[in-house]
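1. sequence and predicted structure below; questions after.
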Amino acid sequence: MNPSPRLLVVDDEEANRDMLARRLERSGFRVDTVEDGARALDLLRNCEYDAVLLDSMMPGMSGSEVLRLLRAVHDLEQLPVIMVTAVTESRKIAEAIDLGANDYVTKPIDFPVALARIRSQVARKRAESERRASEERYALAARSAN
């Protein structure tokens, strides 16, 4: 059985981080929180997450900058990133998707919708991980047979 999905919530507002983390934990997720992009990148170098919920507007390093750096290392299937922001302009949403966001939710967060999107991204990531592992096992078996 797979362990509970592990999420990283990145938001400069403590109240937002805490509220979202508590609700996600009650929904069965393991949640880590950080207040800025630099700390998020540090954690992501050392820990494996099933998804990242990333605030777009943060002081210092913006969510877009963090996303750009993440996509240089992790593809969309390896690490789903869901942007979380108060910005509702379609141009900004399209920009986040173009930068490699897997999805986008707006504040105030409609939690049932966000939860469905998070679960969908986690399921997709886990299915892709299983597919890759299966291909690696097959390739190893094929090499051993030769």
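-> Nice, thanks for sending it over.
2. mind giving me the packing neighbours of the lengthiest helix in the chain?
-> Longest helix in the chain, counting residues (DSSP state H): helix 111-145. Contacts defined by 3 or more CB pairs under 8 Å, 6 or more residues apart in numbering; DSSP states H and E place helix 111-145 against helix 14-26, strand 51-55, strand 81-85, strand 103-106. Backbone N, C-alpha and C define where each C-beta goes, glycine included.
3. quick one: closest of these to S129.
-> strand 51-55 (12.4 Å; CB to CB).
4. run through who's touching that closest one.
-> 5, 7-13, 16, 20, 40, 44, 63, 66-67, 70, 79-85, 101-102, 118, 121-122, 125 (CB atoms under 8 Å, 6 or more residues apart in numbering).
5. any idea of the mean pLDDT in the longest helix of the chain?
-> Average pLDDT, helix 111-145: 87.
6. how far off strand 81-85 does it point, in degrees?
-> On the basis of axes from the mean of the first three to the mean of the last three CA atoms, to 10 degrees, helix 111-145 is oriented at 160 degrees to strand 81-85.
7. tell me the buried residues in helix 111-145?
-> Residues of helix 111-145 classed as buried: 114-115, 117-118, 121-122, 125 (neighbour count, 16 or more other CB atoms under 10 Å).
8. same question, stretch 55-66
-> 55-56, 58, 61, 63-64, 66.
9. shaky segments in the protein?
-> Low-confidence segments of the chain, defined by pLDDT under 70: 1.
10. picking up where we left off before, in JSON lines: the buried residues of stretch 55-66, plus secondary structure.
-> Shown next, in JSON lines, are the buried residues of stretch 55-66 (DSSP: H, G, I helix; E, B strand; the rest coil):
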{"residue": "D55", "secondary structure": "strand"}
{"residue": "S56", "secondary structure": "coil"}
{"residue": "M58", "secondary structure": "coil"}
{"residue": "M61", "secondary structure": "coil"}
{"residue": "G63", "secondary structure": "helix"}
{"residue": "S64", "secondary structure": "helix"}
{"residue": "V66", "secondary structure": "helix"}
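11. many thanks, I have nothing further to ask.
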